[in-house]
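Chemist: quick one, fold the following:
(2 chains)
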Number of protein chains: 2
Amino acid sequence: MTKVYSVAVVGATGAVGEQIILQLEQSDLPIATIKFLSSPRSAGSTLSFKNEDVIVEEATPESFTDVDIAIFSAGGSISEKLAPEAVKRGAIVIDNTSHFRMAEDVPLVVPEVNEEALRTHNGIIANPNCSTIQMVAALEPIRKKHGLKRVIVSTYQAVSGAGNLANQELFDQTRAVLDNKPVEANILPASGDKKHYQIAFNAIPQIDVFGEDDYTYEEHKMINETKKIMSDATLKVAATCVRLPISRGHSESVYFEIDNDNVSAADIKEILSTAPGIVLEDDPATQTYPQALNCVDKRETFVGRVRRDLDEPKGFHMWVVSDNLLKGAAWNSVQIAERLVALNII
Amino acid sequence: MTKVYSVAVVGATGAVGEQIILQLEQSDLPIATIKFLSSPRSAGSTLSFKNEDVIVEEATPESFTDVDIAIFSAGGSISEKLAPEAVKRGAIVIDNTSHFRMAEDVPLVVPEVNEEALRTHNGIIANPNCSTIQMVAALEPIRKKHGLKRVIVSTYQAVSGAGNLANQELFDQTRAVLDNKPVEANILPASGDKKHYQIAFNAIPQIDVFGEDDYTYEEHKMINETKKIMSDATLKVAATCVRLPISRGHSESVYFEIDNDNVSAADIKEILSTAPGIVLEDDPATQTYPQALNCVDKRETFVGRVRRDLDEPKGFHMWVVSDNLLKGAAWNSVQIAERLVALNII
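Modeler: I've put the predicted structure just below:
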């Protein structure tokens, strides 16, 4: 008899929650029962799952009784409070927030890179930051073959990464600019921060708040999570994270150095063309390269513009694009759930 | 008696031409007569200069008789054809196109970096590419003090760099997206290329056409022009150039390595705070950093987000923003004209 699972989604009404539900609907995960949980504010609303109505319930410790898999995407403080409660009741938690990511006993997993780490879980598995996931997915197959010494990334991040309200703000501001009306900014660059700036027709070099070392938390996440996922504390990672007037789809200009100086761009493209979860889109002759607009609703990570540094034989550029709400969040979480089942961990 | 000059602007009706006229109006260059030149199509229209009407004339070889300074911004083929004619008639040409930039006997000048090169001119002086200018302006004061080994840049470029029609296309597409109407793309990423893509709410990793090595010409320009302006063929420069849905103001994520490993971010900020043409905007505690929206109509290059690489003591990040139509084009050209006068070269 096939095992079946009881699944809960915490933060079901948010930007990522909506996508987790869609990914679960498309998944062949054997789901016996589904539960949608939220804050008291959103509880009581009705969502659909595989053509059946599901009433959203308030998330409480008791919500997790008899739940096998709980996917959290309701903010760090909710995860901090309720994830241990879910684990106490026997659930495996897949957490989309940054709260547990760097905890030593919590595996931080991108299945294409380190799914074996799932076997070491103690109840909580962390889903990495969106911008980290797509970058390591593209780097890992190259690292496996040629080693990896160093990464320098500049991101081009979409507004939906900051939630549905931020996305609405982008559209409202854009229309105001076109109509020569006053522009209001209340959310970006970081909803909890002191100042807010116009994102429409602008580029804001701040995602999340600043740390004491003048890096943003988003930059810290990319630097620290990449080392943890790749289990390489000696890997040099440098990151600049930038928010742009794009609704969905993160792009990244990824510069990396490998161990060898006799590898060609064609070799790198050959590796990427068969790598799991990666779609190589790279033909300058036909102007073929990944674009944010084209990645929406797709699970894969798209890579193009692969070329060797003209001055540094170990250095390469690539342009990495993925749907920040899917591989960057919802799909990677559901993929972790699928791998837990496939690897007989749950 | 003060010398006075006869000045001609070729391509006066274009996006950069308009700004050259505004910069000349604000300049204290002693202008005796002004001439606005264009293609036959735009000839006959009337422009204003210091509150007087000036009729735009068709640019011909004879247009340059008695002209002292001719500022060209009408495309490479016009410069190729007419700049030598202007020089033959005694004018000094300041050329905004890429046509002569890499010619050995043509100085490529950003006044804050290499104005002494103006003395070696043979009639033609080239104005560098917009994205190159602001980057070298920010790097040069650091290089002077600490040396410079390597630059890795990712650009965030505005649509106005591709001209007025591209800018209109951005606004038309944006409105179409907001109104759920079909989007037309006829210009970007490069007007002369085979395919055109939507720039509204997108990121396009192509500026100008591709070379045979899979780099774009824009990337070649940044790499080759930086070495030429800095007179350092050994400097390693790596570039990825990206077009974004921003009307005006180029931003750049500039990573650089200096010769020493005992320099702090505070040292770099100290240097930038007094560098010519540079405005340091760098205070994470108050979310102060340069933004494309804020640089419009300003001549300076704005620098912020200065921080040392957490893993590489010789490496630093900075975020460099400038008005691509001013320091990137019109102002740098007029500034060159002012320096020619100040240095008694003309």
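
Chemist: next helix or strand past the longest helix belonging to chain A?
Modeler: Longest helix in chain A by number of residues (criterion: DSSP state H): helix A:130-146. Per DSSP states H and E, helix A:130-146 leads on to strand A:150-156 as the next helix or strand towards the C-terminus.

Chemist: what sits up against stretch A:55-64?
Modeler: Contact with stretch A:55-64 is made by A:8, A:10, A:12-13, A:35-40, A:42-47, A:70, A:74, A:78, A:82, A:85-86, A:88-89, A:91, as judged by CB atoms under 8 Å, 6 or more residues apart in numbering or on different chains. In this view, the C-beta of every residue, glycine as well, is placed from N, C-alpha and C.

Chemist: which of those are buried?
Modeler: Among those, the ones that count as buried by 16 or more other CB atoms under 10 Å in any protein chain shown are A:8, A:10, A:12-13, A:35-39, A:42-43, A:47, A:70, A:74, A:78, A:82, A:85-86, A:91.

Chemist: the contacts of stretch A:55-64 in helices, which ones?
Modeler: Per DSSP H, these map to helices at A:Ile78, A:Leu82, A:Glu85, A:Ala86, A:Lys88.

Chemist: is it true that the fourth one touches A:Val93?
Modeler: Read it as A:Ala86. Yes - between A:Ala86 and A:Val93 there is a contact under CB atoms under 8 Å: 5.2 Å.

Chemist: can you pull the residues that touch both of the two?
Modeler: Joint contacts of A:Ala86 and A:Val93 (CB under 8 Å, 6+ apart) are A:Ala70, A:Gly123.

Chemist: about what we covered before: of the ones in helices among the contacts of stretch A:55-64, which is the nearest to chain B?
Modeler: A:Ile78 (26.2 Å; CB to the nearest CB).

Chemist: which residues touch that closest one?
Modeler: Shown in contact with A:Ile78 (CB under 8 Å, 6+ apart): A:Val10, A:Gly11, A:Ser39, A:Ala59, A:Phe72, A:Thr97.

Chemist: please verify my assumption that the second one contacts A:Ala70.
Modeler: This means A:Gly11. No - using CB under 8 Å, A:Gly11 is not in contact with A:Ala70; the gap is 10.7 Å.

Chemist: how about the strands in chain A?
Modeler: Taking DSSP state E, the strands of chain A run over residues A:5-10, A:31-38, A:46-49, A:52-55, A:57-58, A:69-72, A:92-95, A:124-126, A:150-156, A:236-240, A:250-257, A:278-280, A:301-308, A:315-322.

Chemist: deepest of those, which one?
Modeler: Per residue and on average, the most neighbours among these fall to strand A:69-72, with a mean of 29 (mean count of other CB atoms under 10 Å in any protein chain shown).

Chemist: for that strand, list the C-alpha coordinates in CSV.
Modeler: In CSV, the C-alpha atoms belonging to strand A:69-72 read as follows (Å, rounded to 0.1, in the frame of the first residue of the first chain):
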residue,chain,number,x,y,z
ILE,A,69,4.4,17.6,6.3
ALA,A,70,4.0,21.3,7.2
ILE,A,71,5.2,23.9,4.7
PHE,A,72,5.7,27.3,6.3
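
Chemist: what pairs with that strand, parallel or antiparallel?
Modeler: Each strand paired with strand A:69-72, and its direction, by DSSP bridges: strand A:5-10 (parallel), strand A:92-95 (parallel).

Chemist: ok now the shortest one, how far from the chain's centre?
Modeler: The reference is to strand A:92-95. Centre-to-centre, strand A:92-95 and its host chain are 15 Å apart (CA atoms, centre = their mean, to the nearest Å).

Chemist: next: stretch A:256-275.
Modeler: Distance of stretch A:256-275 from its chain centroid, counting by CA atoms, centre = their mean, is 24 Å.

Chemist: buried stuff in that stretch?
Modeler: Neighbour-count burial for stretch A:256-275, counted by 16+ other CB under 10 Å, picks out A:Phe256, A:Glu257, A:Ile258, A:Val263, A:Ala265, A:Asp267, A:Ile268, A:Lys269, A:Ile271, A:Leu272, A:Ala275.

Chemist: greatest separation within these: which pair is it?
Modeler: Within the buried residues of stretch A:256-275, A:Glu257 and A:Ala275 form the most distant pair, 18.9 Å apart (CB to CB).

Chemist: sorry, back to before: the longest helix of chain A versus strand A:315-322: what angle between them?
Modeler: If you take axes from the mean of the first three to the mean of the last three CA atoms, to 10 degrees, helix A:130-146 sits at 140 degrees to strand A:315-322.

Chemist: which strands and helices sit next to helix A:130-146?
Modeler: helix A:111-114, strand A:150-156, helix A:217-229, strand A:250-257, helix A:265-273, strand A:278-280, strand A:301-308, strand A:315-322 (3 or more CB pairs under 8 Å, 6 or more residues apart in numbering or on different chains; DSSP states H and E).
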